[in-house]
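Trainee: Predicted model follows, preceded by the sequence.
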Amino acid sequence: MQNSEERREFLLNNISDVYFEFDENFTIIDVSSSISTTVKYAREELVGKPLEILFTNKVHADNIHLKLKIEKGVRDCKLDLLDKSGKKLTAMFNALWLSNGVGKGSCFTGVLRNILPA
């Protein structure tokens, strides 16, 4: 690998779980291409969209948002999601707020793993 950007791109294109980054407003900043296997959306269809586009239940999405805002992370959180066709699936979700100390460039980063059809 030539540099860290090429390495990052290689990892995003080859990871089997879904890696993602989203901002404090829960807007998706980046997501690995494995998202297409899990929820049938292309990476480009989700970047810039709200994270809750994938949730089956708005109340559950709001609860996750609140927990993330307060605790700056979640671990082993079970989620019911919808793929692009409307099919439900169950996934495990881990996310953590990463701060660079000055705010700019800070984001949530995490992993999503499809565990079973819901």
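Mentor: That came in fine, so what should we check first? Computed from a predicted structure; not experimentally measured.
Trainee: Every contact and neighbour count from this point should use C-alpha atoms.
Mentor: Noted.
Trainee: ok, residue 87 to residue 62 distance?
Mentor: Separation of residue 87 from residue 62 (Cα to Cα, to the nearest Å) stands at 21 Å.
Trainee: Check residue 21 too.
Mentor: Shown here: residue 21 relative to residue 62, a distance of 18 Å by Cα to Cα.
Trainee: Just the buried positions in stretch 87-96, please.
Mentor: Of the residues in stretch 87-96, those buried under the neighbour-count criterion (16 or more other Cα atoms under 10 Å) are 88, 89, 90, 91, 92, 93, 94, 95, 96.
Trainee: In this structure, where is pLDDT below threshold?
Mentor: For the chain, the stretches flagged by pLDDT under 70 are 1-2, 8, 11-15, 101-105, 116-118.
Trainee: so who does residue 35 touch?
Mentor: Residue 35 makes contact with 18, 41, 42, 43, according to Cα atoms under 8 Å, 6 or more residues apart in numbering.
Trainee: Please tell me which one of those residues counts the most neighbours.
Mentor: Most neighbours among those, by other Cα atoms under 10 Å: residue 18, with 23 neighbours.
Trainee: give the contact list for the residue nearest the centre of the chain.
Mentor: The central residue of the chain, meaning the one whose C-alpha is nearest the mean C-alpha position (Cα atoms, centre = their mean), is residue 20 at 4.0 Å. Contacts of residue 20 were listed using Cα under 8 Å, 6+ apart, and they are 28, 29, 30, 31, 32, 109, 110, 111, 112.
Trainee: now the closest residue to it other than its chain neighbours: how far from residue 71?
Mentor: Distance criterion Cα to Cα, 6 or more residues apart in numbering; nearest residue to residue 20, sequence neighbours excluded, is residue 31 at 4.1 Å. With distances defined as Cα to Cα, the gap from residue 31 to residue 71 amounts to 22 Å.
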